[in-house]
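Trainee: need a 3D model of the sequence below.
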Amino acid sequence: MKTLLWALLWVFSFSSHAQTRSEQGHTLSAKPEIKVILPASYSSEQTKDYPVIYVLDGKLNAQLVASMLARLAVSQGAREHIVVGIEPANRLHDFAPTVNTDPRGPVGEGGGAPAFIEYLESELIPEVNSQYRTSGYNTLAGHSIAGLFVIHAFHSRPTLFQAHLAFSPALWWSTRATAKRAEQYVISGITTPSFLYLNIGNEAGEMKSVYSGFTNTIARNRSVDLILQLEEFTDTPHDLTMTAGLYNALTGLNQYQQGQKVH
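Mentor: Next up is the predicted model:
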């Protein structure tokens, strides 16, 4: 634990220019808060375009991702990215694709993810592309119920993001509806190249069993176009799996981007 705390303190010593604003979307009834963090070289390299990583639960996670990317970039372990943090007005509603009917969770919550992903595709991403020098290569990252949204995006809009990072995704949500649809999508055959990172911590019971079944199905049925990276942190609690897996997720993403010749 001391090692983890020191690592976090060191990562947060790297900073970059950030811009925060509230975004009123035409496709959403409630506005998310958007935070854009630009890489260190953005102002000095005026002709350079950058890949973008969209980070869900932006208030908690965007600076963490930006700082880790900045540190990796110093050692050529990752490309510099524009980081866009997205903080929803209603987390469960906006990130969950279906209304939950499982009594072990908040019954009646969820169902807003289809509208939220439409907002990302039709409003936020085009605006980011118009305001900043982007390369057209987009990554989506999220943890827990936001990780479930990442899986929703992976199967429902397979060309919207070129890489997907899901940390301890809540695949059990609403009788596994999203997990089943993603499995069906993979089994049917993938034609769009993609990178998918998944991890889990010391979760047990339904959370672990659904995750294990899902990852086994994806691993067995994926096409060569899907690069899959799986990790399990047996001593790490649910709330820290994004922190624990972020380094490996971003270095794996970098290796994939090298193969795709992303600049």
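
Trainee: name the next helix or strand downstream of the helix or strand hosting His93, please.
Mentor: Counting by DSSP states H and E, the element that carries His93 is helix 91-95. Scanning forward in sequence from helix 91-95 by DSSP H and E, the next helix or strand is helix 113-119.

Trainee: so after that next one, what's the next helix or strand?
Mentor: Heading C-terminal from helix 113-119 (DSSP H and E), you reach helix 125-131.

Trainee: avg pLDDT for that following helix?
Mentor: The pLDDT scores in helix 125-131 average 98.

Trainee: so which elements touch it?
Mentor: strand 134-143 (3 or more C-beta pairs under 8 Å, 6 or more residues apart in numbering; DSSP states H and E). Using the backbone N, CA and C atoms, a C-beta is placed for each residue, glycine as well.

Trainee: what's the strand it packs on in contact with?
Mentor: 49-57, 61, 65, 81-82, 95, 125, 128-129, 148-150, 153, 160-169, 241-242, 249, 253, 257, 260, 262-263 (C-beta atoms under 8 Å, 6 or more residues apart in numbering).

Trainee: those in strands, which ones?
Mentor: 50-56, 82, 163-167 (DSSP state E).

Trainee: save those residues as a markdown table, and put in distance to Asp102 too.
Mentor: Shown next, in a markdown table, are the ones in strands among the contacts of strand 134-143 (distance: C-beta to C-beta, whole Å):
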| residue | distance to Asp102 |
| --- | --- |
| Tyr50 | 40 |
| Pro51 | 36 |
| Val52 | 34 |
| Ile53 | 31 |
| Tyr54 | 28 |
| Val55 | 27 |
| Leu56 | 22 |
| Ile82 | 37 |
| Ala163 | 29 |
| His164 | 24 |
| Leu165 | 25 |
| Ala166 | 19 |
| Phe167 | 21 |
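
Trainee: pLDDT score for the residue of the chain most remote from its centre?
Mentor: Residue farthest from the centre of the chain, counting by C-alpha atoms, centre = their mean, is Ser44 at 28.0 Å. At Ser44, the model reports a pLDDT of 96.
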